[in-house]
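>>> Pasting the sequence and the predicted model now:
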Amino acid sequence: MTVEQIKATIASIPDYPKPGITFRDITPLLQDGDAFAASIEYFAERYRGSQITQIAAIEARGFIFGAALAKALNCGLTLLRKPGKLPGEVLSQRYQLEYGSDELQIRADSLDKNDHVVIIDDLLATGGTVAAAVQLIEQTQASIQEAAFLVTLDELPGEQKLQQQGVACYTLCRF
Ligand SMILES: O=P(O)(O)OC[C@H]1O[C@H](OP(=O)(O)OP(=O)(O)O)[C@H](O)[C@@H]1O
Ligand SMILES: Nc1ncnc2[nH]cnc12
């Protein structure tokens, strides 16, 4: 399956969840077994044979792709979660969203300087979410290989924001 065919399974919903926002809906992609499997295989091909120890996945939609990719690569899965979901000592980072603000947390002991991490999320918009993820992972001393997304919204500054943080970016589908 080509990237264009995968992209064609993503729906565009105008004015959701607020007027002026075009929501890129990945649920039809997930319901298409061939498209879901192919998207994971594109990510896996890119990282197979590299020194990655952990896939760091962002709640919630990032977990879907992160879990499947970690399984495909036989490496660990580190969860970046919304507040109040992780036990023990956590590191926290607040961030702005395209439509609101939120906070991400990581377990303080989940990564260390020996880890080589790929961050994964379903979608890059303003870059606020992944910027918070980068800040959290940097605090653990782990190294970040790159951040990977199923979708990047080209009209928003997510890629520039990642570039400013010195983190490379890989995207399957662009809108
Ligand atoms: O680049 P940004 O502007 O930060 O936006 C991208 C983030 O927004 C969405 O998550 P959302 O917070 O809606 O949560 P969900 O995955 O739990 O639906 C998406 O899954 C990304 O994580
Ligand atoms: N336009 C959008 N579509 C889907 N998910 C999003 N997360 C942030 N912006 C989004």
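Everything's here; your move. Everything numeric in this text was worked out from a predicted model, so none of it was measured. Numbering: from 1, shown residues only. Ligands and ions are numbered 1, 2, ... in the order given.

>>> all contacts plus neighbour counts: C-alpha atoms, from now on.
Will do.

>>> Between the two ends of stretch 118-133, what distance do you get?
11 Å (C-alpha to C-alpha, to the nearest Å).

>>> Contact partners for whichever residue of the chain sits closest to ligand 2?
Closest contact between the chain and ligand 2, by C-alpha to the nearest ligand atom, is at residue 23 (3.5 Å). Counting by C-alpha atoms under 8 Å, 6 or more residues apart in numbering, residue 23 touches 12, 13, 14, 15, 16, 17.

>>> Closest one of these to residue 123?
Distance to residue 123 across the contacts of residue 23 (C-alpha to C-alpha) is lowest for residue 12, with 13.2 Å.

>>> State the helix or strand in which the closest one lies.
strand 11-14 (DSSP states H and E).

>>> Now do that strand: which elements does it pack against?
strand 22-25 (3 or more C-alpha pairs under 8 Å, 6 or more residues apart in numbering; DSSP states H and E).

>>> so the residue nearest the centre of the chain is in which element?
Note on the chain: the residue nearest the mean C-alpha position is residue 121, at 1.5 Å, using C-alpha atoms, centre = their mean. Assigned by DSSP H and E, residue 121 belongs to strand 116-124.

>>> Now residue 43: closest residue in space, sequence neighbours ignored.
Using C-alpha to C-alpha, 6 or more residues apart in numbering and skipping residues adjacent in sequence, the residue nearest residue 43 is residue 69, 7.0 Å away.
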